[in-house]
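Trainee: Can you look at this prediction? I've put the sequence above it.
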Amino acid sequence: MSQVLHTPPRTRTRAEAPQDLAALAARHGLSVSGARPSLPQYVRQLWARRHFISAFATAKLTAQYSQAKLGQVWQVMTPLLNAAVYYFIFGVLLQTKKGVPDYIPFLVTGVFVWTFTQSSIMAGTRAISGNIGLVRALHFPRAALPISFCLQQLQQLLFSMAALVIILLVVGVPPAASWVLAVPALLLQFVFNAGVSMILARLGAKTPDIAQLMPFFLRTWMYVSGVMWSIDNLLSKHQDLPVWADDVLRANPAAVYIDLMRFALIDSFHASQLPPHVWAWATGWALLAGVGGFIYFWKAEETYGRG
Amino acid sequence: MADNAKLTEPTDEPDPTVVVDGVDIVYRVNGTSGGRGSATAALNRILRRKQADKAAGVRTVHAVKNVSFVAYKGEAIGLIGTNGSGKSTLLKAVAGLLPVERGKIYTDGQPSLLGVNAALMGDLTGERNVYLGGLAMGMSREQIKERYQEIVDFSGINEKGDFISLPMRTYSSGMGSRLRFSIAAAKDHDVLLIDEALSTGDARFQARSAERIQEMRAHAGTVFLVSHSNAAIRDTCDRVLWLERGELRMDGPTEEVMQAYEAFTGGAKKKPAPKPAA
C-alpha cells in the first residue's frame, strides 16, 4: 500500500526487518557498504591507486604556483629565500655559525630536510579534514591522501635539493661520491614522514583542532633538532648534560635524517659527528612510523568522512 | 507494501543490488554555538562533556531516520523530497562514503556516485583534469588515454577553440560543469548514484547527457537518481522513494508517488522548514 503516511512507515517491519533484510543480503552475497577492507586487501587497493597518488601529488605541486607570474620558478626560489632568511638570522645576527665549518650548506641542508618533515606532517594533519569533499565523493583507500601529500613534499624537496646543489657548488663544496647516500636517506625520511602523517591524519580527522596545535609542537621540535646549530658542538661544549639528554638529542628522528643528509653532502661534516648506529636509527624510525602509522590509519578507514 | 511481499517469499525472488536496513545517519557539527561566545562554549564542552553538547556548540543533525528498502537489479529508482530531506545524504551512505549511525547497508559490488568535482583542480588544464579525475575514479592511465578523445568530444569543450589546454578556472560555469559530467560519465558502474546531474549545461548538452545516462542505465545494474526535476524523475525512474525530514514517507511506482508528492508540495501552500542538513 503506497499511501501518504504522516508518521514514518516505522510500523512496517521494524521488528522483523533486521533479520529479514540481513538474511536477504546474505542470501545474495551482498557485502556491507563502507566496511573496512582487510589489511592485505587495503594494501592491494592502495597499490592499484598508485597512479592517482602520484598524479594528485604532482597536480597539487603544479597548482601551487600556477597563478604566480614567475610560475614554477618559485619552486626553487622559495627554498632559496628561506635559506637566506635563516642565514641572516642565525648566521649573521646570532652568530650560531661559530665552530661549524661550511655553515651555509650546513644550515641550508638542515632547513630543507627539516622543512620536508615539517610540511609533510602539517599537510598530513589536514589530509582528511581538509579534503572532506573528496572523501565524501569518491572511493579510494583514504591513505592515498596523506601519502600523496608527503609525495608532494618530496617532489618539493627535490626542487630544494637542486637549489642546494647550486649553493654547494657556489660555496665551493666539491661534488663527491657520498652524495649518492642522499637517496637512501631521503627514502627513509619519506617513509618516516608518511607514517607520522598518517597518524596525524587520523587524529586530525577526528579532532580538527590538532591542526592549530601542530605549528607550536613542530616549532619546538625544530629548535631541538639541530637545524640551525650543531648538536655535536653543543654536546661537546656541555659535558655536564645528563646522558639521557645526550641520547634523546641524538636519537631524535629529525636530527638523524638531517645529520645523514649533511654527512652525505658536505665533506667537512665527518662520520664522527654522526650519532652512533645512525643508519639503524634511520631505518628503525622509518619502519616504526611507516608500518605503525599505516596500521593506525587503516584501523579507522571506515570512519573518515563523518562530519 | 510491495517489497514486503517479496521479502516473505524466498523462492524466485529478483536479485537485490542494494539492501538498506533500518539506517540512521547523524551529522555532528562543531562550533555552532547559538548566541554565546564560542570560546566559553568550547570550554564548557570540555568541562561538562556530553550533557553540555547542545549548549556548547556541538549540534547533531539527524539527517536520515530509520530508512529501509531493497533495490533490485534493473531498477531505476528516483529519490525525491523537499530541500534538506536527506536525499543526498542517503545516497552518499549507499555509496559507502558516509558512515551510518545505526543499521546496515548491503550492496552488490561498489556503488559509485556520479561526480568527480572534488578531485578536480581549477588551476590545472582541462586535459590534466581529465586524467586526474579518471584516476580518482579508479580508471587506469590506459583506460583514460583510450577514452580521452571521447570525453573531450562529449563535453564539447573544444567546439569553440582549444579550451582543453587552458586552466579549468578560466572556463565558464557551463563549460566547467560539462567537462565534469563528461569525466564522471566516462566510467561504467555496477550501481550508479546520480545526484542532480541532469541539469548541467545548455539544452543541447542536457539532451546529450540524458542520453548518456540512459546508456549508463543499460550497463549498470541499478540506478538511483536524486533530482528536483519531476520531469527527469518521470523520464528516468520506474520506482520512487519519497524522503521527508529524513524519514521514508513513501515507496512505490513512479506515478503514484509523484502524484502524492505533487499534491504535498503544491497543495500545502507553505513548504516545511528546510533542515540545515547537507
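Mentor: That came through, no problem. Numbers count the residues shown, from 1 in each chain, chains lettered A, B, ... in the order given.

Trainee: okay but residue A:79 is in contact with residue A:114, surely?
Mentor: No. Contact criterion C-beta atoms under 8 Å: residue A:79 and residue A:114 do not qualify, at 11.5 Å. The C-beta positions use only the backbone N, C-alpha and C, and glycine is treated the same way.

Trainee: hey, C-alpha coordinates of stretch A:106-114 in CSV?
Mentor: In CSV, the C-alpha atoms belonging to stretch A:106-114 read as follows (Å, rounded to 0.1, in the frame of the first residue of the first chain):
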residue,chain,number,x,y,z
PHE,A,106,75.2,23.1,6.9
LEU,A,107,72.3,25.4,7.6
VAL,A,108,70.6,25.1,4.3
THR,A,109,70.6,21.3,4.3
GLY,A,110,69.2,21.4,7.8
VAL,A,111,66.4,23.8,6.8
PHE,A,112,65.4,21.9,3.7
VAL,A,113,65.4,18.5,5.3
TRP,A,114,63.5,19.8,8.3
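
Trainee: What lies in contact with that stretch?
Mentor: Under the contact criterion C-beta atoms under 8 Å, 6 or more residues apart in numbering or on different chains, stretch A:106-114 has outside partners A:79, A:82-83, A:86-87, A:90-91, A:97, A:100, A:157, A:160-161, A:163-164, A:167, A:189, A:222, A:225-228, A:230, A:254, A:257-258, A:261-262, A:265-266, A:269.

Trainee: and if we set it to 6 Å?
Mentor: Residues from elsewhere that reach stretch A:106-114 (C-beta atoms under 6 Å, 6 or more residues apart in numbering or on different chains): A:79, A:83, A:86-87, A:100, A:160, A:164, A:167, A:222, A:227, A:257-258, A:261-262, A:265.

Trainee: Same check on stretch B:69-83?
Mentor: Residues outside stretch B:69-83 that contact it (C-beta under 6 Å, 6+ apart) are B:3, B:14-20, B:87, B:217, B:221-226, B:233, B:236-244, B:251, B:261, B:271, B:274.

Trainee: what secondary structure does residue A:268 sit in?
Mentor: With DSSP: H, G, I helix; E, B strand; the rest coil as the basis, residue A:268 sits in coil.

Trainee: Quick check: it vs residue A:102, distance?
Mentor: Per C-beta to C-beta, to the nearest Å, residue A:268 is found 5 Å from residue A:102.

Trainee: Of these two, which one has the most company?
Mentor: residue A:102 (20 against 12; other C-beta atoms under 10 Å in any protein chain shown).

Trainee: For that one, give me the pLDDT.
Mentor: For residue A:102, the model assigns a pLDDT of 79.

Trainee: Same question for residue B:103.
Mentor: So residue B:103 comes in at 87 (pLDDT).

Trainee: Run through the residues that contact it.
Mentor: Contacts for residue B:103 (C-beta under 6 Å, 6+ apart) come out as B:21-24.

Trainee: could you check whether the lowest-mean-pLDDT helix or strand in chain A is close to chain B?
Mentor: Sorted by mean pLDDT, DSSP states H and E, the helices and strands of chain A end with helix A:17-27, the least confident at a mean of 73. Yes. Using C-beta under 6 Å from any C-beta of the partner chain, we find that helix A:17-27 touches chain B at A:17, A:20-21, A:24-25.

Trainee: Past that helix, which element shows up next along the chain?
Mentor: strand A:31-32 (DSSP states H and E).

Trainee: what's the following helix or strand after that next one?
Mentor: helix A:39-48.

Trainee: on contacts alone, who are the packing partners of the helix or strand following that following helix?
Mentor: On the C-terminal side of helix A:39-48, the closest following helix or strand by DSSP H and E is helix A:50-64. Secondary-structure packing of helix A:50-64 (3 or more C-beta pairs under 6 Å, 6 or more residues apart in numbering or on different chains; DSSP states H and E): helix A:144-171, helix B:126-136.

Trainee: Give the buried residues for helix A:50-64.
Mentor: A:52-64 (16 or more other C-beta atoms under 10 Å in any protein chain shown).

Trainee: now the helix or strand that that helix is followed by: mean pLDDT?
Mentor: Next in sequence after helix A:50-64, counting helices and strands by DSSP H and E, comes helix A:74-86. Across helix A:74-86, pLDDT averages out at 84.

Trainee: Low-confidence bits of the stretch 101-250 of chain B, can you list those?
Mentor: Counting by pLDDT under 70, the stretch 101-250 of chain B shows low-confidence ranges at B:197-201.

Trainee: Okay, helices next: where are they in it?
Mentor: Secondary structure of the stretch 101-250 of chain B (DSSP state H, counting those that start in this stretch): helices at B:126-136, B:141-155, B:173-184, B:203-219, B:230-236.

Trainee: need the residues of the stretch 151-278 of chain B near chain A, please.
Mentor: Close to chain A, as judged by C-beta under 6 Å from any C-beta, the stretch 151-278 of chain B has residues B:247, B:250, B:252, B:256, B:260.

Trainee: Which one (most neighbours) among these?
Mentor: Busiest of those [other C-beta under 10 Å] is residue B:250, holding 22 neighbours.

Trainee: which residues touch the closest residue to that residue other than its chain neighbours?
Mentor: Spatially, and ignoring its direct neighbours in sequence, residue B:250 is nearest to residue B:242 (4.2 Å; C-beta to C-beta, 6 or more residues apart in numbering or on different chains). Going by C-beta under 6 Å, 6+ apart, residue B:242 touches B:80-81, B:249-250, B:257, B:261.

Trainee: and these, which two are the farthest apart?
Mentor: B:81 and B:257 (10.7 Å; C-beta to C-beta).

Trainee: Count the residues that sit near residue 119.
Mentor: Picking chain A for this. The burial count for residue A:119: 19, using other C-beta under 10 Å.

Trainee: my question was about chain B
Mentor: There are 26 residues near residue B:119, going by other C-beta under 10 Å.

Trainee: how near is it to chain A?
Mentor: Per C-beta to the nearest C-beta, to the nearest Å, residue B:119 is found 6 Å from chain A.

Trainee: thinking again about what came up before, kindly supply the ChimeraX command isolating those of the contacts of stretch B:69-83 that are buried.
Mentor: Remark: buried members of these, expressed as a ChimeraX selection using 16+ other C-beta under 10 Å:
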select /B:3,16,17,18,19,20,87,217,221,222,223,224,225,226,233,236,237,239,240,241,242,243,244,251,261
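
Trainee: Show me the helices in the stretch 101-250 of chain A, by range?
Mentor: Ranges of helices in the stretch 101-250 of chain A, per DSSP H, counting those that start in this stretch, are A:103-125, A:132-137, A:144-171, A:182-206, A:210-224, A:231-237, A:243-251.

Trainee: Report the buried residues of the fifth one.
Mentor: What that stands for is helix A:210-224. A:210-211, A:214, A:218, A:221-222.

Trainee: and residue B:71, that's in a helix?
Mentor: No. Judged by three-state DSSP, residue B:71 forms no part of a helix; its state is strand.

Trainee: does the spatially closest residue to it that is not a sequence neighbour sit in a helix, a strand or a coil?
Mentor: Of all residues not flanking residue B:71 in the chain, residue B:18 sits nearest, at 4.1 Å (C-beta to C-beta, 6+ apart). Here residue B:18 is recorded as strand under three-state DSSP.

Trainee: Closest one to residue A:193 out of the contacts of stretch A:106-114, please.
Mentor: residue A:257 (9.1 Å).

Trainee: excluding its backbone neighbours, what's nearest the closest one?
Mentor: Leaving aside its chain neighbours, residue A:257 sits nearest to residue A:189 (4.3 Å; criterion: C-beta to C-beta, 6+ apart).

Trainee: Based on its surroundings, how many neighbours for the one you found?
Mentor: The number of residues packed near residue A:189 is 27, by other C-beta under 10 Å.

Trainee: So is stretch A:119-134 next to chain B?
Mentor: Yes. On the criterion C-beta under 6 Å from any C-beta, stretch A:119-134 is in touch with chain B at A:133-134.
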